[in-house]
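turn this into a model:
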Amino acid sequence: MTGELGYSLPPAIRRIATSFRLAGWVSLWAQAVVGLLASLMFTIFLMGGETQSAKAGASIFTTPALAIIFISAFWGFRYVLFGRRLSKANPDLRPKPKDAARVVRIGLVISLVGMAFAIMGSEAMIAPLLFKGLDQGFVSIGANVPVANFITAGNILSVFAAINAIFTHFIGLCVSLWLQQAIDR
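The predicted model follows:
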């Protein structure tokens, strides 16, 4: 594989560049699709008949987590672009190894921050459900209990959205760690 100036791409750099491109595309599409589903589910939860305090508690943490998913998906595309730059035959145009480590480290931080927000958001969603579940355990047959006190499908949808957000950030973490392994080999 000879470039325009006659330089051959070393096998290690070719392997790392291929890893960046492959991991970038996987990260981009997996996070975009699952993140879009999580965002849609969370939007449905916010439009539902849940109490304002439950929505506010969940929104404080889950909204940034969902936004960070799309930042992380963009970072996946950045991996693709970095892999393309790394594939250049001219060594002067190629990024340095420390640049590769920095790009991966930033991806790890993005995913960790997003996962932290997603976990806190899921905690904020699950706590009200715990109290609803406890209230349901004390209801006797024939008791006149408002329907709002029961766990609904919208409540479960909110938890599912939070779990999808955590999963999406986990994908980002796995991709970044895989790239770190590819760089270190």
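
strands of this protein, start to end?
Counting by DSSP state E, the chain yields no residue ranges for strands.

top helix in it by residue count?
helix 97-137 (DSSP state H).

now do that helix, average pLDDT.
In this model, helix 97-137 has an average pLDDT of 88.

give me the low-pLDDT residue ranges for this structure?
Low-confidence segments of the chain (pLDDT under 70): 1-7, 49-54, 137-149.

helices of that one, start to end?
11-47, 52-86, 97-137, 153-184.

could you dump these to TSV with mean neighbour count?
Where C-beta positions appear, they are placed from N, C-alpha and C, glycine not excepted. Below are the helices of the chain laid out as TSV (neighbours: other CB atoms under 10 Å):
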stretch	mean neighbour count
helix 11-47	18
helix 52-86	19
helix 97-137	17
helix 153-184	20
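
how close does the closest residue in space to Val159 that isn't next to it in sequence get to Phe77?
Nearest residue to Val159, sequence neighbours excluded (CB to CB, 6 or more residues apart in numbering): Met125, at 5.6 Å. For Met125, the distance to Phe77 (CB to CB, to the nearest Å) stands at 30 Å.

and Phe45, by the same measure?
Distance of Phe45 to Phe77, computed by CB to CB: 28 Å.

which residues does the residue nearest to Ile106 when sequence neighbours are not counted contact?
Nearest non-adjacent residue to Ile106, counting by CB to CB, 6+ apart: Trp75, 7.1 Å away. Contacts here follow CB atoms under 8 Å, 6 or more residues apart in numbering; on that basis Trp75 touches 27, 106-107, 110, 172.

do the same with Pro95
By CB under 8 Å, 6+ apart, the contact set of Pro95 is 82, 85-86.

for those residues, which one is nearest Ala56?
Phe82 (39.0 Å; CB to CB).

coming back round to it: and which of the contacts of Pro95 is nearest to Ile166?
Using CB to CB, Phe82 is the member of those that sits closest to Ile166, with 26.0 Å.

for Thr43, see how far away the closest one is.
Phe82 is 32 Å from Thr43, by CB to CB.

what of Glu123?
To Thr43, Glu123 is 20 Å away according to CB to CB.

ok, Gly83 to Met120 distance?
Going from Gly83 to Met120 by CB to CB gives 33 Å.

what's the answer for Ile71, then?
Ile71 is 17 Å from Met120, by CB to CB.

same check, this time on Asn155
On the measure of CB to CB, Asn155 and Met120 end up 18 Å apart.

can you name the residues that contact the spatially closest residue to Ser87 that is not a sequence neighbour?
Spatial nearest neighbour of Ser87, excluding adjacent residues (CB to CB, 6+ apart): Ala17 at 4.4 Å. Residues near Ala17 by CB under 8 Å, 6+ apart: 9, 83-84, 86-87.
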